[in-house]
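K.L.:
Need the 3D shape of this:
(2 chains)
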Amino acid sequence: MHEVKSIESIQSTNDFVIKFANVNGSGSASANQMFAKAMFRMGIPVSPKNIFPSNIQGLPTWFEVRVNEKGYLGSRGGVDIAVAMNPQSYSKDVDEILPGGYLLYDSTWKRNFNRKDITVIEIPLTQLCVEAFKNPKQRPLFKNIAYVGALSVLLDIEYEVLKNIISEQFVKKPALIEPNLKALDLGRNYVLENLPYPLGITVSRADKLEDKILISGNEAAGLGAVYGGATFCSWYPITPSTSLAEGYEKYAKKFRIENNTGKNLYASVQAEDELAAIGMAIGANWNGARGFTATSGPGISLMSEFLGLAYFAEIPLVLFNVQRGGPSTGMPTRTQQSDVLACAYASHGDTKHVVLFPSDPKECFDFSAQAFDLADQLQTPIFVVSDLDMGMNDWVCDKFKWDDEYKYNRGKVLNKDDLDEIENFGRYLDVDNDGICYRTYPGTHPEKGAFFTRGTSHDEYARYTEDGEVNAATLSRLMKKFRTASELVPEPVIEINGEDSCGVIFYGSTSPAVHEAKDILKEKEINIDLMQIRSFPFNLDVWEFIANHDRIYVVEQNRDSQMRTLIMAEGGISPEILRPLVHFTGDPIQASYIVNKISEREVNYKSHINAKKR
Amino acid sequence: MSFKKPINHHPKLETNKLGLTRRDYEGAVSTLCAGCGHDSISAAIIESCFKLNIEAYKVAKLSGIGCSSKAPAYFLEQSHGFNSVHGRMPSVATGANCANRDLMYLGVSGDGDSASIGLGQFVHAIRRQVDMVYFVENNGTYGLTKGQFSATNDLESKNKYGEDNLFKPIDLATMAIQLGATYVARSFSGDRDQLVPLIMGAMQHKGFALLDIISPCVTFNNHDSSTKSYDYIRDHNEAVGKTDFVPLGEEISTSYKEGSSTEISLHDGSKLALEKTDANFDPRDAGKALNFIREKEEEGKVLTGLLYINDLAKDLNETLNVTQTPLSQLQQDVLCPGSEILDEINQSLS
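P.N.:
Numbering: from 1, shown residues only, chains lettered A, B, ... in the order given. Prediction:
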């Protein structure tokens, strides 16, 4: 180890960013996740982010972990410790290290990195593994575990915690526990015997995560669909939504098996394309099952025709959109929030859709389950829109809760007895004057309740009509239904932080960065009021918050400030009040970025006001 | 517009075992052109349902877009219908079928709907073995948009205005056999005696049944230079034999020439009896069936009748190991794992 005394090394406990640079397909993911899990198990808030190429093998991939005892878990920027395992990306990886930071690399092949302001930690990982393991295929995998072992000494990670994680991970392949522990010790012992330890950066048990779990939004949403009673899933593989359908299948395989027959109480079909995926989900919902599909931006474009049909024919549907970088094929493995308008107004003609915006895996679970009730209640597609950052990365969030007293709301569905009582069934009769009509499932009654579902213009009895007045009445009723929807969807979360504050509107995965920015701004004596939008259509609380602020920053991860456009269009809000604060590089937004943008403009604003006063 | 038919019945109309008349299986008044083959197919569907004593409310009718896809409004008034989007009926039928395996699914499509825009969905519904009867009301033309060629129109068949067709046709029946459809028949809307038993057989078959029915378009593709006209098909139609549908518990009453008849048991125990015109043809042998279709095509004939059947295949719900109870009827008590299990899941995630 070359200690460079001229620069002061970073000193901190439970507050740092470590970035692992690996080669895609080299088996590093599980070792890196093991590291993140160890932080979690020690009760230290942690946010691992997988930064990966659209590639299976060979290209550089990174795993960035922010450890922060205060619970600030948005992307931070800068790297305190780099674990550089990929010579291909050495120069970029070394450049990112903050002055005083640390670099750990595989010194089997020695390098001179030309940075005098960092501490370079040399461990001959490949050499150690070649000597310790006979199977050449296993060596690169164990190299990953070995650097976790080395880090455990360098950062003072509890050994027992790591051992437990390994035992749990290989509970079904116990033969692998011993060699993994051996690899862990290989790294540990090398440091113990050859290097000074610990580093200036260390971890220490914090117990901040008692009621928390660590899970990805996609897995959470898949589980939510199981809890919400979804029996049908049709999907087409697309990054970053694939793991949502897989999450559903994983939990359905466990909890949806019929007791005495072993048969499945669900069906999941991998469709031939996104059009078929949504078509199947619509067919299942039409026929009385709760069905969903999961996709990402390109899939939304492909599904648009069917979305108009489901909207106009009033068929329930749940659609998850895990957003990625657009437009077009865009950046499939990077994150954005650029499908807001594409979802809200999907399909040709006058259409508007209900959209839910979860901001963490807990809300992915909750909104996923709730979406099936909303779809049945409102008889329309319900979008649950998350993004790659929240969907594919493990996030710390509150534990899931379920109220066993809660009963599914299947909406206005007439059964055989109901139909016997009814003289005059019309599928699109607005009997209750809320825009929502009564439906029947096929096969309900021998003589009553059948109707013809169609995407063509139709009257209250589902008969084809070309009468423009009748069609206009249908479109108007659908707007009435949309207003009803605004009372049923999740309300915004509002936080008022003092008089004369500016407002900040945000949604989805920007939440951690926004909350951190709020605290930093407060130190600079800039108070911001927050409104986390959780759904569209917007309800009265949203309009009230906007009415109570003369300037509001709308934080979002797209170029065109799409949520701002939606708010302006739907509420007739002046563009001067809503100020875009956008970030669209495909990397998660950082608190520092928000702080800079807001403080710069608030300072301008205040000097402008003061000048006026003078 | 759709017009309801008056419901007055003649008191002496024949009734089936459910006490229903053929009129009870009808739908709204057709708005298709007078003489359209599609109306004859609707009538054959009505006849088949009447004869099979089908409860209409246990049938779901699905279609795409086009003249053919309007047809489900004109039969089985008591069935739920779903006129979906162009070429996408197979996916809607697939989802519907998974949601409730107790209903019978009739998909009605056309050559534009299935051989062009919806070819992918057509192929994959077969590949998955969705348990349904899939009607292609095949007229070789786009009727609703006034007579463009469709992908099933024969190369030598000109359009109404005398223009040449530039591309070879797609034969959906041949394709279906190659893809593993388990019941494939071709027929002609003008041959009710052939069509009705084939529909009845398809309805009692478990798995994907394709009925490729040549159904002339009287307005745009019934001229002398068309190979999908009434006259052309009457002249060039060659049946693989005569097919009779024998209901469950009844004996075959027709007498066949020895060696020429084949009996095929269907899923519910009913049978199809086939009197073959050619001893070499065997509808259980996909290879022979394909060769026979090709031979006849080379002779300038359109081979009709039951072309292929395989009564042993698994349907989609069996492949997916889906419960016998329709998914749509499962209640919260079996669907929701509840709070205790959620606590265990929380535990495993911490």
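
K.L.:
Please give the element, helix or strand, for the nearest residue to residue B:176 once chain neighbours are set aside.
P.N.:
Distance criterion Cβ to Cβ, 6 or more residues apart in numbering or on different chains; nearest residue to residue B:176, sequence neighbours excluded, is residue B:210 at 4.4 Å. All C-beta atoms are positioned from the backbone trio N, CA, C, and that covers glycine. For residue B:210, the host element (DSSP states H and E) is strand B:208-214.

K.L.:
The next helix or strand after that strand: which residues count as buried?
P.N.:
The C-terminal neighbour of strand B:208-214 among helices and strands, as given by DSSP H and E, is helix B:230-236. Across helix B:230-236, burial judged by 16 or more other Cβ atoms under 10 Å in any protein chain shown covers B:230, B:232, B:233.

K.L.:
Same check on stretch B:122-142?
P.N.:
B:122-126, B:128-142.

K.L.:
who in the stretch 251-400 of chain A is up against chain B?
P.N.:
A:251, A:255-256, A:258, A:261-269, A:271-273, A:275-289, A:291, A:305-306, A:309, A:399-400 (Cβ under 8 Å from any Cβ of the partner chain).

K.L.:
Are any of those residues buried, and if so which?
P.N.:
Here, 16+ other Cβ under 10 Å leaves A:251, A:255-256, A:258, A:263-269, A:271-273, A:275-289, A:291, A:305-306, A:309, A:399-400 buried among those.

K.L.:
List the ones among these that fall in strands.
P.N.:
The strands, defined by DSSP state E, take in A:267, A:268, A:269, A:291 from these.

K.L.:
and of these, the nearest to residue A:212?
P.N.:
residue A:268 (29.7 Å; Cβ to Cβ).

K.L.:
Spatially nearest residue to the closest one, not counting backbone neighbours?
P.N.:
In space, residue A:268 is closest to residue A:233, 4.3 Å off (Cβ to Cβ, 6+ apart).

K.L.:
quick check: longest helix of chain A.
P.N.:
helix A:591-613 (DSSP state H).

K.L.:
Quick one: list the elements packing against that one.
P.N.:
Judged by 3 or more Cβ pairs under 8 Å, 6 or more residues apart in numbering or on different chains; DSSP states H and E, helix A:591-613 is in contact with strand A:502-506, helix A:511-523, strand A:552-556, strand A:578-582.

K.L.:
again, 6 Å this time
P.N.:
helix A:511-523 (3 or more Cβ pairs under 6 Å, 6 or more residues apart in numbering or on different chains; DSSP states H and E).

K.L.:
For the helix it packs on, buried residues please.
P.N.:
A:511, A:512, A:513, A:514, A:515, A:516, A:517, A:518, A:520, A:521.

K.L.:
Make a markdown table out of these and add distance to chain B.
P.N.:
Shown next, in a markdown table, are those (distance: Cβ to the nearest Cβ, whole Å):
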| residue | distance to chain B |
| --- | --- |
| A:511 | 20 |
| A:512 | 19 |
| A:513 | 23 |
| A:514 | 25 |
| A:515 | 22 |
| A:516 | 23 |
| A:517 | 28 |
| A:518 | 27 |
| A:520 | 29 |
| A:521 | 32 |
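
K.L.:
What strand or helix carries the closest residue to residue A:338 other than its chain neighbours?
P.N.:
Spatial nearest neighbour of residue A:338, chain neighbours left out: residue A:558 (3.8 Å); criterion: Cβ to Cβ, 6+ apart. Remark: residue A:558 resides in no helix or strand, with elements defined by DSSP H and E.

K.L.:
correct me, but residue A:558 touches residue A:585?
P.N.:
No: Residue A:558 is beyond contact range of residue A:585, at 11.1 Å (criterion: Cβ atoms under 6 Å).

K.L.:
Please say which of the two ends up with more neighbours.
P.N.:
residue A:558 (22 against 13; other Cβ atoms under 10 Å in any protein chain shown).

K.L.:
Give me the distance between that one and residue B:157.
P.N.:
Taking Cβ to Cβ, to the nearest Å as the measure, residue A:558 falls 52 Å from residue B:157.

K.L.:
cool, residue A:57 as well?
P.N.:
52 Å.

K.L.:
Over to residue A:198?
P.N.:
In terms of Cβ to Cβ, residue A:198 sits 84 Å off from residue B:157.

K.L.:
Settle it for me: which of the two has more neighbours?
P.N.:
Neighbour comparison, residue A:198 and residue B:157: the larger count goes to residue B:157, with 21 against 14 (by other Cβ under 10 Å).

K.L.:
that's a strand at residue A:220, yeah?
P.N.:
No: with DSSP: H, G, I helix; E, B strand; the rest coil as the criterion, residue A:220 is located in helix rather than a strand.

K.L.:
how deep is it tucked in, by neighbour count?
P.N.:
30.

K.L.:
next one: residue A:75
P.N.:
For residue A:75, using other Cβ under 10 Å, the count is 23.

K.L.:
Doesn't residue A:215 belong to a strand?
P.N.:
Yes: under three-state DSSP, residue A:215 falls within a strand.

K.L.:
quick one, what contacts it?
P.N.:
Contacts of residue A:215 were listed using Cβ atoms under 6 Å, 6 or more residues apart in numbering or on different chains, and they are A:361, B:349.

K.L.:
who does it bridge with?
P.N.:
The partner list for residue A:215 in beta bridges (DSSP bridges) reads residue A:395.
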